[in-house]
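Asker: Please work out how this folds:
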Amino acid sequence: KMLPKEIENRSKEEQELFEKCNGTEKETLLWMINEIETIEDEMKTIMEAAKNDRGLTLTLFVYLRFMRARKGSKKAAVNMLREWIQWRQEKKPWTLLPSDFPSRHSTPAIGWWCGHDLQEDIVFHMQPHYHYASTRILEEAISHSFYMAEQGCDMMDYRKKGTRKFSILYDARYVSMSNLDIPIIKDFTSLNSNYPERLKHIFVLQPGWIFSGFLYAARKFVDPVTAAKIQKISDFKELEKFMEPSQIPKEFGGSSNYVYTHDHLWIRGKGCWEYQDAELLKKHIDMAKKEAQDPQKPIPLVQSFPSQQEHPTNETPLNKPSLNPNQTIEDPPIHQDNDLPQTEDIPQKPVSPDETPSKDAPPKIEENIIKPDEEDVPKKVEDT
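Answerer: Purely as a prediction, here's the structure:
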């Protein structure tokens, strides 16, 4: 087929995307491309300054996300796109490193990329009950969130699978008021506006009455399109409508044995759960740490590393014994004594630092307490 001149020199993947769009979307995309090209000199300066930012690209995938985020409004989409470019110039999220949020490494992991759904779109496992507003360091918590967003975008854009969106497994079983963090929620509006149309589903797993009430109230302030993406899951078996059992964590009724460690933060462009060779994963982590010396350059993608064939072993990240989230992959598992109770498959409700633990509760994590300033709850949350 004859393609418009604005499309004919783009990649085959972008051309195929354009052909799948309806007539209105095609018209809007072409208008946006021509509108951005009217500031060609300005854009050349911007792109040259951001040459190390692999997240700042003007592909059709980017145009389409911003167009849909603004419900097809041409001018609103272009304005949002220009604000996004300016934000990336100022904040430089691609320069973030795992070492920029050390306090998050000394606590149980709050979230990590853990697998993919039936369409090969990646999935984020979130444990909000390990986040306490009374103990977190706000700046590091925000940096951690944006780093995870950048790591996820690298996977979505360079794995070459799926629809370049992600879903969240939100473990709401143990969420309490002590986990509610208003300053964090306010700052997350930046995630909504600067990573638009990335969210596919939020699966809220077995929420208690407190979280269910909060979710009901929040729906009044959330865009209907975003609200439709939130699904409460009472029976873990329901997850199999969206994910293969091999991609669902065991604690949610699946068969995945993937064990996250904080060292996995260094892997960009590929999911750590996809490695079948633990030694190759360790080599890639070491290579990423070595290459990430220039503060103006992002952590390199694993696709740029020398090609090495995987040799699966008996202890891969998919079937390795459970590790503490704070261990590196070469550390031995904690509590190997035969006389200790085997509780790794029994979910334990974490205890807030403000609560008095019962005799059956897990030990409290000692941390420096920093009291945040009290702020009002935001009245509006933008469409993700």
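
Asker: So for residue 331, what's the pLDDT?
Answerer: On the pLDDT scale, residue 331 is placed at 38.

Asker: what's the answer for residue 2, then?
Answerer: If you check residue 2, the pLDDT there is 85.

Asker: what about it, is that helix, strand or coil?
Answerer: Classification of residue 2 by DSSP: H, G, I helix; E, B strand; the rest coil places it in coil.

Asker: Please report the distance of it from residue 163.
Answerer: The spacing between residue 2 and residue 163, counted by Cβ to Cβ, to the nearest Å, is 27 Å. Backbone N, C-alpha and C define where each C-beta goes, glycine included.

Asker: Of the two, which one has the most company?
Answerer: Comparing residue 2 with residue 163 by other Cβ atoms under 10 Å, the one with more neighbours is residue 163, at 13 against 6.

Asker: wait, what's in contact with that one?
Answerer: By Cβ atoms under 8 Å, 6 or more residues apart in numbering, the residues touching residue 163 are 119, 121, 200.

Asker: most surrounded residue in those?
Answerer: In terms of neighbours by other Cβ under 10 Å, these top out with residue 121 at 22 neighbours.

Asker: Would you confirm that that one contacts residue 167?
Answerer: Yes: if you go by Cβ atoms under 8 Å, residue 121 and residue 167 touch, sitting 6.5 Å apart.

Asker: what's the overlap in contacts for the two?
Answerer: Listed as contacting both residue 121 and residue 167 by Cβ under 8 Å, 6+ apart are residue 200.

Asker: one step back: closest one to residue 234 out of the contacts of residue 163, please.
Answerer: Among the contacts of residue 163, residue 200 lies closest to residue 234 (Cβ to Cβ), at 20.4 Å.

Asker: would you say that closest one is within a helix?
Answerer: No: Residue 200: not assigned to a helix; according to three-state DSSP it is strand.

Asker: Nearest residue to it in space, please, no chain neighbours.
Answerer: With sequence-adjacent residues excluded and distances taken as Cβ to Cβ, 6 or more residues apart in numbering, residue 200 is closest to residue 165, at 4.0 Å.

Asker: Give me the phi and psi for that neighbour.
Answerer: phi -130, psi 170 (degrees, to the nearest 10).

Asker: who's in contact with it?
Answerer: Residue 165 touches 121, 156, 197, 198, 199, 200, counting by Cβ under 8 Å, 6+ apart.

Asker: so which pair among these is furthest apart in space?
Answerer: Comparing all pairs in those by Cβ to Cβ, the longest separation belongs to 121 and 197, at 12.6 Å.

Asker: Residue 162 and residue 119 touch, don't they?
Answerer: Yes: here residue 162 lies in contact with residue 119, judged by Cβ under 8 Å, at a distance of 5.3 Å.

Asker: Relative to residue 170, how far out is residue 259?
Answerer: 20 Å.

Asker: Of the two, which one has the most company?
Answerer: It is residue 170, of residue 259 and residue 170, that has more neighbours when counted by other Cβ under 10 Å, with 25 against 21.

Asker: Double-check that that one belongs to a strand.
Answerer: Yes: Residue 170: assigned to a strand according to three-state DSSP.

Asker: remind me which residues of the chain are low pLDDT?
Answerer: Across the chain, residues meeting the criterion (pLDDT under 70) sit at 1, 40, 189, 218, 221, 308-309, 311-384.

Asker: all strands for the stretch 1-150 of the chain, in order.
Answerer: Assigned by DSSP state E, counting those that start in this stretch, the stretch 1-150 of the chain shows strands spanning 111-116, 122-126.

Asker: who does the last one touch, helix- and strand-wise?
Answerer: Pointing back at strand 122-126 there. Judged by 3 or more Cβ pairs under 8 Å, 6 or more residues apart in numbering; DSSP states H and E, strand 122-126 is in contact with strand 111-116, helix 138-158, strand 166-171.

Asker: which one of the ones you listed is the most hemmed in?
Answerer: For the helices and strands packed on strand 122-126, the largest average neighbour count (mean count of other Cβ atoms under 10 Å) is found in strand 166-171, namely a mean of 23.

Asker: Name the residues that touch that strand?
Answerer: Contact with strand 166-171 is made by 114, 117, 121-129, 152, 156, 198-205, 239, 242, 249, 252, as judged by Cβ under 8 Å, 6+ apart.

Asker: Parallel or antiparallel, list what pairs with that strand.
Answerer: When pairing is defined by DSSP bridges, strand 166-171 lines up against strand 122-126 (parallel), strand 199-205 (parallel).
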